[in-house]
Every structure is written in structure tokens, then in C-alpha cells.
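S.K.: 3D model of this:
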Amino acid sequence: MSKIAFVFPGQGAQYTGMAKDFYEKYAVSRKVFESASKASGLDVKALCFEENDRLNITEYTQIAMLTAEIAILRAVEEAGIRSQVNAGLSLGEYGALVASGVMQEEDAFTVVRKRGIFMQEAYPTGGAMSAVLGTDAELIEKICNETQGIVSIANYNCPGQIVITGEETAVAAAGEALKAAGARRVIPLKVSGPFHCELLKGAGEKLGQELEKVEIQSFTVPYVTNVTAQYVTGPEQVKELLVSQVSSSVRWQQCVEQMIDDGVDTFIEIGPGKTLTGFLKKINRNVKALHVEKTEDLDEVRKECL
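M.R.: Residues are numbered from 1 along each chain as shown. Alright, predicted model coming up:
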């Protein structure tokens, strides 16, 4: 019997038309879009399905991505597929929390709408992020620590792919030092802020005030948090972790390794793109990596898991 983890991607995987086929085919998915629009005050259907300039702006990206993920999740659940643990990369952690029964989807949409705004406004200019390829984490940590200014690791994605974040000048200086030290490539990312570093602490504090209005439910399924890469089973920990997550490193590789150590042998990525599936293949090729992005993917996953 497989031990299944549902995993949810973060922003960056969004595209116009995501989850549209689920909206058209499944009533449970349509209800999710209606719920998201009501909670956020936005026309989320139009945001996701119609060409527009907002989809790649953080304050809109986050609510759009989460809506697409939960719309697909509800169809997966309706098909009878169940997970034994959930996890998500950055924004995707809210998809995991909904899947774990910890947060009502309406509350998740309300909080994520505010999270996107707070992160967008926290450090609007002078920040940067870069992907570092082909260098181990210890060297990157060392060079970030030695670089003048604020620069640190944002994402431990998978072996050979780590993202750094911080002040634009510090990220650039660290990037040059990493290339000199043997990094295969350092690629500046097109982002609207220096996410997952101390410059975003103010956004996390504002998010904490919003989370105070939300009731955290008891877990139906545990999840693994980005902040510590450990299992979370107690609702009392959730709000503090979500506040910390905004300005701390996303330990995605470590999250996946933790789940594999605990016996997970099948990962199902739920949402736009195959980013996490790609990371998984670099972390451990011995586990099964599936994804549900289109309705035909659900048919394939149903055959694999039921």
C-alpha cells in the first residue's frame, strides 16, 4: 500500500487558463472559484482564465495560485484519492493546510489575499533574488554570511538548485563570489521582492494580525512545514510558523527528505506546472512522482493510486 503525500507549488508556476478544465468539468472546482472570489473581493475566475497584466503581480498571483490548487484538490478528493501527509512550497503551504483540514478554504483565501499584498508592499524596490546552480548549500551559506549587506538563502529546492534573496547589491555581490567559487550558473530571477529573508519580517508581522482572526482546526492529516522541515500535528503551532515562513528559508529539499524517511513513496503535485515533480526527481529518483494539473492527469493518477 502506497504512502501518499500531496504537495502544492508556490508562485512562479502560474499561467493564464490554469485549472480552467477543472472549473468546466467539476462542480466542486467551480465552488472553489466562487468561494475565492467572495473571500478576496476579486473576480478570481477572470484573473485565472483571461489574459491580464495582474496574474504575475504578487498580490494577485498568490490568491490565483491558491484557488487553482484547491480547485484541483477538491476534484482529487472527490475521486477518492487521499494523502497521509501534505506539504507545500511557500505559498503552496496554504494548499497543504486546507488539504490537512487545518484551515477552512474561505479563511485561507482571505489570509492569502492579504499575504500577497503585505509581501508586495514590504520591500517594493531595491531587493532581488537569484537561482544558484551547481553549488552545495554549505558554500552558498558561507558566501552569503561573508557578503556585506543582507543576503541569505530563500529556497533549498533540490540538490544543485538553491535560491538566494536580499538587498539587490548584496545578492549581486554574492552571485559574483559564487561564480568565482565555481557555481555553474547564477540566474537573476524576475520577482517583485526579496522574498523569504529578514527584509520581509514586517510583512510577516502584519500577516500575524490577520491570522489572529482565523480559527485553526485540528489536523485530519499532518503536514510538513517549510520553516523546520518537520511534521506539524498540533494546531497551536500553525500561526507562528506561517508568520515565520514569510521571512525564513523554505527548506523544500529537507521537507521531501523528511517525508521519504517517514515512508512516503508516492508524491502527487497538485496545481499548475511540474516544478515540484522536477525537484523530486533530483532529490530521490526511487519514489513515485505524479502530478495533477489537467483533468486527464487526474484520470492517470486515479489508475496509479486506486
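
S.K.: Correct me if wrong: Phe8 contacts Glu93.
M.R.: Yes. Phe8 lies in contact with Glu93 (Cβ atoms under 8 Å); the separation is 7.3 Å. In short, each C-beta sits where N, CA and C put it, glycine included.

S.K.: Give me the more crowded residue out of the two.
M.R.: For Phe8 versus Glu93, neighbours defined as other Cβ atoms under 10 Å are more numerous around Phe8 (30 against 25).

S.K.: Is that one bridged to anything, and to what?
M.R.: Beta-bridge pairing for Phe8 (DSSP bridges): Gly88.

S.K.: can you pull the contacts of it?
M.R.: 69, 73, 86-89, 92-96, 99, 269-271, 276 (Cβ atoms under 8 Å, 6 or more residues apart in numbering).

S.K.: Out of the residues you listed, name the ones that lie in helices.
M.R.: 69, 73, 92-96, 99, 276 (DSSP state H).

S.K.: Determine the number of other residues adjacent to Gly208.
M.R.: Gly208 has 15 nearby residues by other Cβ under 10 Å.

S.K.: That one reaches Leu241, doesn't it?
M.R.: No. When contacts are counted by Cβ under 8 Å, Gly208 is not listed as touching Leu241 (10.9 Å).

S.K.: which residues in this protein form helices?
M.R.: With DSSP H, the ranges of helices along the chain come out as 20-25, 27-40, 44-49, 58-78, 92-99, 105-122, 137-146, 168-180, 201-211, 238-245, 252-261, 275-283, 295-305.

S.K.: Pick the most buried one from those helices.
M.R.: Across these, averaging neighbours per residue (mean count of other Cβ atoms under 10 Å) puts helix 92-99 on top, at a mean of 28.

S.K.: what comes into contact with it?
M.R.: With Cβ under 8 Å, 6+ apart as the test, helix 92-99 has contacts from 6-10, 65-66, 69-70, 73, 83, 86-88, 103-105, 108, 111-112, 221, 223, 225-226, 238, 242, 245, 270-271, 276.

S.K.: try it again with 7 Å
M.R.: Helix 92-99 is contacted by residues 6, 8-10, 66, 69-70, 73, 83, 86-88, 103, 105, 108, 112, 221, 223, 226, 245, 270-271 when judged by Cβ atoms under 7 Å, 6 or more residues apart in numbering.

S.K.: Could I get the average pLDDT for it?
M.R.: Across helix 92-99, the average pLDDT comes to 98.

S.K.: And the contacts of stretch 51-64?
M.R.: Under Cβ under 7 Å, 6+ apart, the answer for stretch 51-64 is 11, 14, 16, 36, 40, 42, 44, 47-48, 91, 109, 112-113, 115-117, 119-120, 192-193.

S.K.: any idea how far Leu241 lies from Ile216?
M.R.: Per Cβ to Cβ, to the nearest Å, Leu241 is found 11 Å from Ile216.

S.K.: Same question for Cys48.
M.R.: As judged by Cβ to Cβ, Cys48 and Ile216 stand 27 Å apart.

S.K.: Next up, the contacts around the closest residue to Ala13 other than its chain neighbours.
M.R.: Spatially, and ignoring its direct neighbours in sequence, Ala13 is nearest to Gly273 (3.5 Å; Cβ to Cβ, 6 or more residues apart in numbering). By Cβ under 7 Å, 6+ apart, the contact set of Gly273 is 9, 13, 293.

S.K.: just those residues now: which is nearest Ala79?
M.R.: Glu293 (14.7 Å; Cβ to Cβ).

S.K.: Which pLDDT value belongs to that closest one?
M.R.: Value for Glu293, per-residue pLDDT: 98.

S.K.: Neighbours of the residue lying closest to it once chain neighbours are set aside, how many?
M.R.: When the adjacent residues along the chain are set aside, Glu293 lies closest to Pro272, with 6.0 Å between them (Cβ to Cβ, 6+ apart). Per other Cβ under 10 Å, the neighbour tally for Pro272 reads 24.

S.K.: And Glu50, by the same measure?
M.R.: 11.

S.K.: Tell me the one among the contacts of Phe8 nearest to Ile153.
M.R.: Leu89 (14.0 Å).
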